[in-house]
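Engineer: structure for the following, please:
(2 chains)
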Amino acid sequence: MTLRLYNTLTRRKDALEELPGFDPNNVRMYVCGPTVYDYAHIGNARPVIVFDVLYRLLKHLYEKDGGKVTYVRNITDIDDKINARAAETAAAKGIPVEQARAEITAATAQQYMDDVAALGCLPPDETPRATEYVGQMIAMIERLVAAGNAYVAEGHVLFDVSSKSDYGKLARRSLDEMMAGARVEVAPYKKNPMDFVLWKPSDATTPGWPSPWGRGRPGWHIECSAMGEALLGETFDIHGGGIDLMFPHHENEIAQSESVHHGHPLARIWMHNGFLQVEGEKMAKSLGNFITIRDLLKDWPGEVLRFNMLRTHYRQPIDWTEQSLQESERILARWRNRLLSAPAYDGCKVDMDEAFCAHLSDDLNTPAAISRLHELFNAGHWADTTAKANEQIGSFGFGNVPGVTGFIDESDVLVNKAKAVAALALIGIDPLVEREPPVAMEEIDAQVAARNAARKAKDFKEADRIRDELLAKGIVLKDGPAGTTWEVKR
RNA sequence: GGCCACGUGGCGGAGUGGUUACGCAACGGUCUGCAAAACCGUGUACUCCGGUUCAAUUCCGGACGUGGCCUCCA
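Structural biologist: This is a model prediction of the structure:
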């Protein structure tokens, strides 16, 4: 299975294994994580889910033969938005700004990790925080200054973009173009308008760290360069993030890291996920459609949110709508019912479905992979449409024998079921996860028994009353050929 | 103003130089006390205008539209 990923650097799908220096025994991925100052919104969830799927796929492809996949997702806990909140909190509570900063970032980081876990994402191998790497950042800045790629001016240290001849190669923009269209307010101490800050001074009310250039704090871009180097080395395989980070953040990471590493590439493949809109509109606090993951989790299971995200290819824009969420939930519920009604599955060993894996390996084509899941679930519908045959077979599902009449071979049922479960696991979805019923099991069983007694006595009024009563409590009854079953309504 | 992406059936959403994506919804049917679920079957598409080609939804150019980046941003 050849893994091909769209590479922003080359603007085409590159085969990871064909890139120079790739080591299948040591696959490394870095993804830009959150700035922790507020609840994460659903747009923030997109890269987390997308790259979690990639992480799982990489593990599937490379860890089976003893290889190692390392996934790093940082937490940005040094930032001027954080500082602004810290200053407010410090003033309100009468505590030092450093303490306020630490409290805000610790609490927000914990919220974030809880949210992301609820979305079914595996924890990365490393979750470095910027504050833990200030020393490495300072060291890297010193190296940049020593190499002539950076200069000190009025307490700031700035990266000199003119020192990097291919600056702009990721965003495919030339310095001339950028300066022509620049709307940046140019600080007077900059040699070049596009020069960006590596280190800036902090005043007494702003968090800061001692440095050769005085007490100050790092610029935004340097943390990813420093942490990437510390945890993954000079060159790693995949660097991911939202498309908005392509410029300037990722461009600047490349400039810093490659300058320090004598031109060695920072990442072999650069990946960028598309943006998300809400009900056709850009998500913005001013529009009142700013949805946090936390709020969504109050109304929807994490699996539904995750599945909904994966129904659109990661590079496409996605319109996040209520209708789409309902559709996602319906599909998962259907699959769940099929899995539950299929014969007992006890670890039937199957290889990963090749078609499914091939779709994922083609630049993470999750919509096509999901379409393959539908095929697995629908495969080989019996040709016999008579009621009798349906009654006999209907509850099994998962046939794999086109044109068959009568019973489906149970082994095929098991194979498709096992394949479907394994494929779903590869994208991080467990459709069999039980939801806590809002009514005690004993009560449900008793009510079902009472209703069936009423049905037997042809007292359908009483039977319907019981069914409505349970429905009002959130339990849906279904009378199948094998008896009455129930599920949790949403 | 500069740069970039996208425009597929009622809706969502893949893909392809010539052959059914897929799903949801809808419609018809089977089953059912009724319902739900399940199952069978059916229909509708590639923004517009040029060009290349035997053939374009698919390649090229233009128009219109939507979104993004250029400033913090997933």
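Engineer: show me what residue of the stretch 201-350 of chain A gets nearest to RNA strand B.
Structural biologist: With distances taken as CB to the nearest atom of the strand, the stretch 201-350 of chain A approaches RNA strand B most closely at A:Gly242, which sits 1.5 Å away. Backbone N, C-alpha and C define where each C-beta goes, glycine included.
Engineer: bridged to that residue, which residues?
Structural biologist: A:Gly242 has the following beta-bridge partners by DSSP bridges: A:Asn273.
Engineer: residues contacting it?
Structural biologist: If a contact means CB atoms under 8 Å, 6 or more residues apart in numbering, then A:Gly242 has A:32, A:43, A:46-47, A:272-273, A:275 as its contacts.
Engineer: of those, which are in range of RNA strand B?
Structural biologist: Of the entries in these, those that also sit close to RNA strand B under the rule CB under 7 Å from any atom of the strand are A:32, A:43, A:46-47, A:273, A:275.
Engineer: most neighbours out of those, which is it?
Structural biologist: The most crowded member of these is A:Asn273, carrying 26 neighbours; neighbours defined as other CB atoms under 10 Å.
Engineer: A:Asp114: which element?
Structural biologist: For A:Asp114, the element it lies in under DSSP states H and E is helix A:97-118.
Engineer: what about that helix and RNA strand B, touching?
Structural biologist: No: taking CB under 7 Å from any atom of the strand as the criterion, helix A:97-118 and RNA strand B are apart, separated by no less than 10.5 Å.
Engineer: now do the buried residues in that helix.
Structural biologist: A:97, A:100-102, A:104-105, A:108-109, A:111-113, A:115-116, A:118 (16 or more other CB atoms under 10 Å).
Engineer: and the next helix or strand past the worst-scoring helix or strand of chain A on mean pLDDT?
Structural biologist: Within chain A, no helix or strand scores below helix A:387-393, which has a mean of 35 by mean pLDDT, DSSP states H and E. On the C-terminal side of helix A:387-393, the nearest following helix or strand under DSSP H and E is helix A:410-426.
Engineer: show me the contacts for A:His264.
Structural biologist: A:His264 neighbours (CB under 8 Å, 6+ apart): A:234-235, A:258.
Engineer: right, I mislabeled it, should have said A:Val53
Structural biologist: With contact set as CB under 8 Å, 6+ apart, A:Val53 has these partners: A:310, A:360, A:364, A:366, A:426-428.
Engineer: name the nearest of those residues relative to RNA strand B.
Structural biologist: When the contacts of A:Val53 are ranked by distance to RNA strand B (CB to the nearest atom of the strand), A:Thr366 comes first, at 8.1 Å.
Engineer: what domains does the record give for chain A?
Structural biologist: Chain A breaks down into these structural domains: A:4-273, A:281-426, A:441-488 (assignment by automatic domain parsing).
Engineer: lowest mean pLDDT across those domains, which one is that?
Structural biologist: For the domains of chain A, mean pLDDT drops lowest on domain A:281-426, to a mean of 76.
Engineer: end to end, how far does that domain reach?
Structural biologist: Using CA to CA, to the nearest Å, the end-to-end distance of domain A:281-426 comes to 32 Å.
Engineer: just give the closest residue to A:Leu245, not the sequence neighbours.
Structural biologist: Closest residue to A:Leu245 apart from its sequence neighbours, by CB to CB, 6 or more residues apart in numbering: A:Cys32 at 5.7 Å.
Engineer: contacts only, for that neighbour.
Structural biologist: Residues in contact with A:Cys32, defined by CB under 8 Å, 6+ apart, are A:47, A:73-74, A:224, A:240-242, A:245, A:249.
Engineer: helices of the stretch 201-350 of chain A, start to end?
Structural biologist: Counting by DSSP state H, counting those that start in this stretch, the stretch 201-350 of chain A has these helices, from start to end: A:222-232, A:251-260, A:293-299, A:302-310, A:322-341.
Engineer: and the fourth one, how far out from the chain middle?
Structural biologist: When you say that, I think you mean helix A:302-310. Relative to the centre of its chain, helix A:302-310 is centred 10 Å away, using CA atoms, centre = their mean, to the nearest Å.
Engineer: got a list of what the closest residue to A:Ala118 other than its chain neighbours touches?
Structural biologist: Distance criterion CB to CB, 6+ apart; nearest residue to A:Ala118, sequence neighbours excluded, is A:Gly302 at 4.2 Å. Taking CB under 8 Å, 6+ apart as the definition of contact, the neighbours of A:Gly302 are A:118-120.
Engineer: thinking again about what came up before, closest to A:Glu322 among the ones next to RNA strand B among the contacts of A:Gly242?
Structural biologist: A:Gly43 (16.5 Å; CB to CB).
Engineer: give the full set of residues in contact with the closest one.
Structural biologist: A:Gly43 makes contacts with A:242, A:275-276, A:283, as judged by CB under 8 Å, 6+ apart.
Engineer: same thing but 10 Å
Structural biologist: The neighbourhood of A:Gly43, defined by CB atoms under 10 Å, 6 or more residues apart in numbering, consists of A:242, A:244, A:273, A:275-278, A:282-283, A:290-291, A:293, A:318, A:320.
Engineer: by neighbours, which of those wins?
Structural biologist: A:Asn273 (26 neighbours).
Engineer: isn't that residue up against A:Asp52?
Structural biologist: No: taking contacts as CB atoms under 10 Å, A:Asn273 lies outside contact range of A:Asp52: 11.7 Å.
Engineer: show me whatever sits in contact with both of the two.
Structural biologist: When contacts are counted by CB under 10 Å, 6+ apart, A:Asn273 and A:Asp52 have A:Val31 as shared neighbours.
Engineer: ok, back up a step: between the ones next to RNA strand B among the contacts of A:Gly242, which is nearest A:Gly480?
Structural biologist: A:Arg46 (38.7 Å).
Engineer: go ahead and confirm A:Val50 touches A:Leu360.
Structural biologist: No: using CB under 10 Å, A:Val50 is not in contact with A:Leu360, being 11.5 Å away.
Engineer: who in the stretch 201-350 of chain A is up against RNA strand B?
Structural biologist: Residues of the stretch 201-350 of chain A found near RNA strand B, taking CB under 7 Å from any atom of the strand as the criterion, are A:220, A:241-249, A:273-277, A:282-283, A:311-313, A:316-319, A:321, A:323-324, A:327, A:330-331, A:334, A:337-338.
Engineer: appreciated, that's everything.
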